[in-house]
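Novice: my questions concern the predicted model and sequence given below.
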Amino acid sequence: MKPKLLYTIVIFTVLFSTYAHFFTSSSGLQFFSTSLAIIFLAGLLGKATETVAHFAGERLGGFLNATFGNAAELIIAIFLVREGLFDMVKASITGSIIGNLLLVLGLSIFAGGLKFKQQKFNPLLAGHNASLMLLGVIALFIPAAFARDLSKNHMDTFSLVVAGALIVAYFLWLIFSMITHKTELSDDPLGNHEQEEEPLWGKGTAILILVVATVFVAIQSEWLVHSIQEVALALGWSELFVGAFVVAIVGNAAEHSAAVFMALKNKIGGAMEIAVGSSLQIALLVGPLLVFISLFFGQPMDILFTMEELVAIGVAVFIAISISRDGMTNWFEGILLFVVYLLIGTAFYFV
């Protein structure tokens, strides 16, 4: 999509959602318009991040895309926490993890595989990512396993310990992967170079667009939260389905576009960094941060997830590790990830 057309659509959708929020009482229209605005704002975030990646490299660019893409998810979740909708928050965390590992990564691998018979990425990085994903699963399973033996106060304290440990582990991972072992985990260890396109903007302009778009996403996210409960009730959707799929898909729009674009340019390493890196950031940073943020609203949120959510996350991590362990991808592996996502989504809809 050309920049001018994207600008026009973003402005139109933002104005449309503003009108729906202030001048209509239809929660359905408000939900639709804000979701649309967030999706196109996320597309703008993705384009800006792609430009930053041109100057900073695939790994850093992918990290920035995951960070700014997850900003929408974090902002939505903070407003949900403020409203005390903890079940929906946990469902959105679950949905974001499985959405990135199955839908975003699946679409990226499939799209890239249709254009290139086989795409390669750093297997050493894939191995470390697999270990981190397992850490996230373990950190969620342990509280659930001991929940019956812990009082509410003990569970709240345990949740803070788990959240703090995950946040420390995530920042140590950033130091490890981007400073001490940067060369070993480089963007393109296999020498796959494609002709670089000229960036849409300069580096300063791209960073400014990232910041401005994130601010507008924050505003739209607050409006989305105000309308989402009424819409879910009207349609008969459970909080689990709304959080895990509706909120997660809207919040992950930036990753969807940027990861697919990178895969189509034979930069599957960058696409993996966006999809897998975003899941890791949600599991090890965003989710734990929400536990601490909930304290400021006077309602502590524990880190106790339902069995359905734990199974979904565990299955997603298992298949993602299986797909990525050899450092190569093809279009059929993308189909496998998407099929698992469809199965989990169907199960969540009927719960």
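Specialist: On my side now, so go ahead.

Novice: what about the residue lying closest to Ile78 once chain neighbours are set aside, distance to Gly28?
Specialist: Spatially, and ignoring its direct neighbours in sequence, Ile78 is nearest to Ile293 (6.1 Å; CB to CB, 6 or more residues apart in numbering). For the C-beta atoms, the positions are set from N, CA and C on the backbone; glycine is no exception. Using CB to CB, to the nearest Å, Ile293 is found at 29 Å from Gly28.

Novice: now swap in Thr157 and tell me
Specialist: Taking CB to CB, one finds Thr157 at 41 Å from Gly28.

Novice: now Phe158
Specialist: 40 Å.

Novice: then Val14?
Specialist: Using CB to CB, Val14 is found at 19 Å from Gly28.

Novice: quick one: which of the two has more around it?
Specialist: Val14 (20 against 14; other CB atoms under 10 Å).

Novice: which strands or helices does the helix or strand containing the more buried one pack on?
Specialist: Per DSSP states H and E: Val14 is located in helix 3-23. Counting contacts by 3 or more CB pairs under 8 Å, 6 or more residues apart in numbering; DSSP states H and E, helix 3-23 packs against helix 27-56, helix 203-235.

Novice: list the buried residues of the longest one.
Specialist: Put plainly, it is helix 203-235. Residues of helix 203-235 classed as buried: 206-207, 209-210, 213-214, 216-225, 227-229, 231-232 (neighbour count, 16 or more other CB atoms under 10 Å).

Novice: the residue nearest to Ala244 when sequence neighbours are not counted: neighbour count?
Specialist: Ranked by CB to CB, 6+ apart and with sequence neighbours excluded, the top spatial neighbour of Ala244 is Gly95, at 3.4 Å. Under the neighbour criterion other CB under 10 Å, Gly95 is assigned a count of 32.

Novice: use 453 as the first number for this chain going forward.
Specialist: New numbering, starting at 453: the last item is Gly547.

Novice: return the per-residue confidence for Gly547.
Specialist: On pLDDT, Gly547 comes in at 85.

Novice: my read: it touches Val694, true?
Specialist: No: between Gly547 and Val694 there is no contact under CB atoms under 8 Å: 9.0 Å.

Novice: Ile661 versus Leu457, what's the distance?
Specialist: To Ile661, Leu457 is 15 Å away according to CB to CB.

Novice: list the buried residues in the helix holding Val466.
Specialist: For helix 455-475, the neighbour count (16+ other CB under 10 Å) marks Leu458, Ile461, Val462, Thr465, Val466, Phe468, Ser469, Thr470, Ala472, His473 as buried.

Novice: from what I see, Asn526 and Val738 are in contact.
Specialist: Actually, residue 526 is Leu rather than Asn. Yes: using CB under 8 Å, Leu526 is in contact with Val738, at 5.2 Å.

Novice: show me which of these two is the more surrounded one.
Specialist: When Leu526 and Val738 are compared for neighbours, Val738 comes out ahead with 25 against 22, by other CB under 10 Å.

Novice: thought that one was touching Ile549?
Specialist: No: using CB under 8 Å as the test, Val738 is too far from Ile549 to be in contact (9.9 Å).

Novice: enumerate every residue touching Thr758.
Specialist: By CB atoms under 8 Å, 6 or more residues apart in numbering, the contact set of Thr758 is Lys542, Leu692.

Novice: Ala662 and Thr503 touch, don't they?
Specialist: For residue 662 the amino acid is Leu, not Ala. No: using CB under 8 Å, Leu662 is not in contact with Thr503; the gap is 9.2 Å.

Novice: now for Ile631, how many residues are close by?
Specialist: Neighbours around Ile631, by other CB under 10 Å: 8.

Novice: so it lies in a strand, does it not?
Specialist: No: applying DSSP: H, G, I helix; E, B strand; the rest coil, one finds Ile631 to be helix, outside a strand.

Novice: OK, contacts around Lys567?
Specialist: Here Lys567 is in contact with Leu716, Asn718 (criterion: CB under 8 Å, 6+ apart).

Novice: where in the stretch 453-602 of the chain is pLDDT low?
Specialist: 453-455, 505, 508-511, 513-514, 517, 521, 524 (pLDDT under 70).

Novice: so the spatially most distant residue from the centre of the chain versus Val589, what's the distance?
Specialist: Within the chain, the residue lying farthest from the chain centre (CA atoms, centre = their mean) is Asp601, at 32.6 Å. To Val589, Asp601 is 21 Å away according to CB to CB.

Novice: any idea which helix or strand carries Ser477?
Specialist: Applying DSSP H and E, one finds Ser477 in no helix or strand.

Novice: measure it to Glu682 for me?
Specialist: 10 Å.

Novice: for the protein, which segments count as strands?
Specialist: Applying DSSP state E to the chain gives strands spanning 571-572, 780-781.

Novice: so Glu674 makes contact with Leu532?
Specialist: No: at 10.3 Å, Glu674 does not count as touching Leu532 under the criterion of CB under 8 Å.

Novice: and Phe668, what does it touch?
Specialist: Val466, Ala489, Leu493.

Novice: rewinding a little: got a markdown table for the strands of the chain, with mean neighbour count and distance to Ser638 too?
Specialist: Shown next, in a markdown table, are those (neighbours: other CB atoms under 10 Å; distance: least, CB to CB, whole Å):
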| stretch | mean neighbour count | distance to Ser638 |
| --- | --- | --- |
| strand 571-572 | 21 | 13 |
| strand 780-781 | 21 | 17 |
